[in-house]
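Student: Take this sequence and fold it.
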Amino acid sequence: MSQTIATDLEVGMTLTCRRARHTRFTFWHYIAEFWDLGHTLFRTTPETYPVKFLAGDVFDDAHLLPTTSRPFGPPLPVGSVDSLTELQGCVSVIYASSFFHLFSEEKQFEACKRLAALLDPRPGSIIFGSHGATPVKGQRPEVFTKTFCHSPESWTQMWEEQIFEKGQVKVSTAFKELETSVEGKAVLIGGGTNFYWLSWSVERL
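Tutor: Numbers count the residues shown, from 1 in each chain. Predicted coordinates:
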């Protein structure tokens with residue numbers, strides 16, 4: 001646990017409600033510190049669960065540079081780092097789930113380049129996760145947003161030929177259509193449209 005680090009855009013979320021005039025609603029302001037709430041939920045403390053949380057934007061150079069600037073060497077103690085850039089080239093496992101499909105095709109490519117710079121170059125180091133996908137890559141209209149989704153083939157090609165050089169990594173994918181059930185009947189998720197999920201891994205060779 002002491003060599004594990006978690007990162008997200010911020011540690012929590014601010015919720016605000018304002019009282020309207022001539023109503024009984026009262027003003028309240030609440031900041032949900034998700035990392036602290038996790039300790040409460042799982043009955044842990046920073047001492048019993050010493051995983052470091054580092055808030056930052058993956059697209060911010062101050063948090064993570066897109067290219068490796070740190071020479072390969074022994075990993076730094078996680079507890080002493082202030083940015084992900086300090087861990088370039090020495091992270092053996094990276095997990096990113098329900099993340100990439102939040103961005104455009106261009107931003108997804110940039111995020112992949114930045115995470116790739118963190119990966120330990122030795123064989124067996126791995127990036128893995130899952131996110132929304134489509135049988136053929138492209139923009140898909142959703143109920144609230146328009147989302148760009150890769151197909152298994154385009155996701156594999158991007159990692160094996162664009163993010164890394166050919167022969168450096170092996171990509172594995174599992175692609176499926178998501179369903180749920182209501183009163184025993186299968187119902188497609190996604191506002192009545194087909195919704196697909198891609199589980200994947202990128203492993204150093």
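Student: And the helices in this protein, which stretches?
Tutor: Counting by DSSP state H, the chain forms helices over residues 34-42, 105-116, 152-157, given from the N-terminal end onward.
Student: Would you mind listing where the protein has pLDDT under the threshold?
Tutor: Confidence mapping of the chain against pLDDT under 70 gives the ranges 11-32, 69-70, 72-73, 141-145, 179-193.
Student: who touches the closest residue to residue 151 other than its chain neighbours in this structure?
Tutor: Of all residues beyond its chain neighbours, the one nearest residue 151 is residue 137 (4.5 Å), with distances taken as CB to CB, 6 or more residues apart in numbering. The C-beta positions use only the backbone N, C-alpha and C, and glycine is treated the same way. If a contact means CB atoms under 8 Å, 6 or more residues apart in numbering, then residue 137 has 105, 148, 149, 150, 151, 153, 154, 155 as its contacts.
Student: residues contacting the fourth one?
Tutor: Translated: residue 150. Residues near residue 150 by CB under 8 Å, 6+ apart: 100, 105, 108, 133, 134, 137, 158, 198.
Student: Would you list the phi and psi of it?
Tutor: For residue 150, the backbone dihedrals (degrees, to the nearest 10) come out as phi -80, psi 160.
Student: ok, it to residue 100 distance?
Tutor: In this structure, residue 150 and residue 100 are separated by 8 Å, where distance is defined by CB to CB, to the nearest Å.
Student: what is in contact with those two at once?
Tutor: Common contacts of residue 150 and residue 100 (CB under 8 Å, 6+ apart): residue 108.
Student: now the contacts of residue 150: which count as buried?
Tutor: When neighbours are counted using 16 or more other CB atoms under 10 Å, these contain these buried positions: 100, 108, 133, 134, 137, 158, 198.
Student: Just the ones in strands from those residues, please.
Tutor: By the criterion of DSSP state E, membership of the buried ones among the contacts of residue 150 in strands covers 133, 198.
Student: among the buried ones among the contacts of residue 150, which two are most distant?
Tutor: Across those, no pair lies farther apart than 134 and 158, at 14.4 Å, counting by CB to CB.
Student: ok, residue 36 to residue 52 distance?
Tutor: Between residue 36 and residue 52 the distance, using CB to CB, works out to 14 Å.
Student: Please apply the same query to residue 45.
Tutor: Between residue 45 and residue 52 the distance is 14 Å, computed by CB to CB.
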